[in-house]
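[1] Below is the structure, and that's it, no one-letter string:
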């Protein structure tokens, strides 16, 4: 949509739907290069939304030794990109209204690749600036992709959301498991091992290029959603999303360091993280199906949060001989918590327009909250010079997420309404 030819919006940009979701009628995907090419593009883009985060965790000890970062500094480094997921999410609808969703995705894929390269060029400043740029890029794309899925695959949106989630998990698992072995092949050089993950982002941009070229930018009806930010149920969905995400990013940022200090090698720790994320593929598809079989989602929330907490405590305190078992438990729990969080956004909304805005609220506020988890772990580790006290964080955050999940899991709708602007 060309912003220059549009009247001034009657509500703030963050309350307007992105152009991928603003039409009353779905646009068939064949107009942009064919369904299969679009599907391949979506999968390739989704694969690149976690490697920038999960590739750093197994290398964190090596990076700290090379740069002299403290545990608190490393915690800030792992927190920064997660914080950017939330802080930069409101830019997505603004960019999409000016450039179109497809062209915005293409542009931001290139900035993602640039951020990944930047954090490998300079010892400390590049690490933080590159992490900021990568996190901002992931936050923007993460808001746009679900809208494209809803618009172009309206009759199989649930299945495509599962495929999208599985691609996220797969990308995270590949980066977590492959980065340390890659560094070993490069004489333990961490910079090129981290920079490698810019290449898949560039490849994704090439695969996505036909969508950006063929995207149509006719007038799209904008909607205003009112009452969402004052609704208690919307806040329960948002806080559940943020708290369960906080545990996920603690795992991405700190689990390998915890396991290394407990006695595993860097390669083994990276493989444990990778294996746990791979297991998430199972519950990413299975948990939403299970959650919609009953009257509401409260039982499913308790199940997946219980598995997550058990897996975290097992990783922290359990014998290393059983570490792979705990990795499976953790993966089943966290794959379920994330996919149920996405499902709750849809289930608690009366229409797609409310769902789009609730998604933006849950991601913007939720990921900003989630960023505090990795930082707290780094601070507690510095204060106690160990990992044992981190278990308190796991318990408190898990119980809080369960409490808000029980509220969000009730068979209700948020009271927000959508109307034409």
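    Cool, the structure landed. Nothing here was measured: the structure is a model prediction, and the numbers come from that model. Numbers count the residues shown, from 1 in each chain.
[2] check contacts around residue 396.
    Not one residue lies near residue 396 by C-beta atoms under 8 Å, 6 or more residues apart in numbering. From N, CA and C alone the C-beta is placed, and that goes for glycine too.
[3] Sorry, wrong one. I was asking about residue 325.
    residue 314.
[4] what pLDDT does it get?
    pLDDT recorded at residue 325 is 97.
[5] cool, and residue 94?
    82.
[6] start the count at 280, not 1, going forward
    New numbering, starting at 280: the last item is residue 373.
[7] Please identify which helix or strand holds it.
    helix 370-378 (DSSP states H and E).
[8] helices and strands around the next helix-or-strand element following that helix, which ones?
    Moving toward the C-terminus from helix 370-378, the next helix or strand (DSSP H and E) is helix 380-397. If you count contacts as 3 or more C-beta pairs under 8 Å, 6 or more residues apart in numbering; DSSP states H and E, helix 380-397 packs onto helix 330-333, helix 370-378, helix 404-431, helix 469-474, helix 477-493.
[9] Tell me the buried residues in helix 380-397?
    380-388, 390-397 (16 or more other C-beta atoms under 10 Å).
[10] Repeat that for stretch 616-623.
    So for stretch 616-623, counting by 16+ other C-beta under 10 Å, buried means 616, 617, 618, 619, 620, 621, 622, 623.
[11] how far is it from where the chain is centred?
    With C-alpha atoms, centre = their mean, to the nearest Å as the basis, stretch 616-623 stands 12 Å off its chain's centre.
[12] cool, stretch 602-614 as well?
    18 Å.
[13] Pull out the buried positions in it.
    602, 605, 606, 607, 608, 609, 610, 611, 612, 613, 614.
[14] just how off-centre is the helix holding residue 373 within its chain?
    19 Å.
[15] Tell me which other helices or strands that helix touches.
    Looks like helix 370-378 contacts helix 380-397, helix 404-431 (3+ C-beta pairs under 8 Å, 6+ apart).
[16] Residue 344 looks like it's in a helix, true?
    Yes: applying DSSP: H, G, I helix; E, B strand; the rest coil, one finds residue 344 inside a helix.
[17] What is the nearest of the buried residues of stretch 616-623 to residue 643?
    Residue 643 lies nearest to residue 620 out of the buried residues of stretch 616-623, by C-beta to C-beta, at 13.9 Å.
[18] dump the residue contacts of the closest one.
    Counting by C-beta under 8 Å, 6+ apart, residue 620 has contacts 516, 519, 520, 523, 524, 641.
[19] let's see 6 Å
    By C-beta atoms under 6 Å, 6 or more residues apart in numbering, the residues touching residue 620 are 520, 523.
[20] Ok, the one 10 residues further on next?
    Taking C-beta under 6 Å, 6+ apart as the definition of contact, the neighbours of residue 630 are residue 697.
[21] what's the answer for residue 451, then?
    So residue 451 contacts 329, 333, 556 (C-beta under 6 Å, 6+ apart).
[22] And it, which helix or strand is it part of?
    Going by DSSP H and E, residue 451 is in helix 436-464.
[23] could you give the angle of that helix to helix 404-431?
    Using axes from the mean of the first three to the mean of the last three C-alpha atoms, to 10 degrees, one finds that helix 436-464 and helix 404-431 are set 160 degrees apart in direction.
[24] Please identify which of the buried residues of stretch 616-623 is nearest to residue 426.
    Once C-beta to C-beta is applied, the member of those that ends up nearest residue 426 is residue 621, at 13.1 Å.
[25] tell me the angle of the strand or helix carrying that closest one relative to helix 404-431?
    In this assignment (DSSP H and E), residue 621 forms part of helix 602-626. Using the same axes, to 10 degrees, the direction of helix 602-626 lies 50 degrees away from that of helix 404-431.
[26] Sketch out the low-pLDDT regions of the protein for me.
    Within the chain, the segments meeting pLDDT under 70 span 280-313, 429, 433, 436-437, 440, 494-502, 631, 700.
[27] which strands and helices sit next to the helix or strand residue 353 falls within?
    Applying DSSP H and E as the criterion places residue 353 in helix 350-366. Under the contact definition 3 or more C-beta pairs under 6 Å, 6 or more residues apart in numbering; DSSP states H and E, helix 350-366 sits against helix 404-431, helix 631-649, helix 651-663.
[28] Could you tell me which residues within the first one count as buried?
    The one in question is helix 404-431. Using 16+ other C-beta under 10 Å as the test for burial, helix 404-431 gives 405-431.
[29] Then the shortest one?
    Applying a neighbour-count criterion of 16+ other C-beta under 10 Å, the buried positions in helix 651-663 are 651, 652, 653, 654, 655, 656, 657, 659, 660.
[30] cool, the second one as well?
    Buried residues in helix 631-649, counting neighbours by 16+ other C-beta under 10 Å, are found at 631-649.
[31] residues in contact with it?
    296, 300, 361, 364-365, 368-369, 502, 504, 507, 513, 516-517, 520-521, 524-525, 528, 624-625, 628, 695, 697.
[32] ditto for the shortest one
    Applying C-beta under 6 Å, 6+ apart, the set of residues contacting helix 651-663 from outside is 350-351, 353-354, 357-358, 525, 528-529, 532-533, 668-669, 672.
[33] again, but for stretch 383-395
    The set of residues external to stretch 383-395 that reach it, using C-beta under 6 Å, 6+ apart, is 331, 374-375, 409, 412-413, 416, 419-420, 423, 476-477, 480-481, 483-484, 487, 491.
[34] For residue 541, state which of the buried residues of stretch 616-623 is nearest.
    residue 616 (24.1 Å).
[35] dump the residue contacts of residue 512.
    Contacts of residue 512 by C-beta under 6 Å, 6+ apart are 691, 693.
[36] again, 8 Å this time
    Counting by C-beta under 8 Å, 6+ apart, the residues that residue 512 touches are 627, 686, 687, 689, 691, 692, 693, 694.
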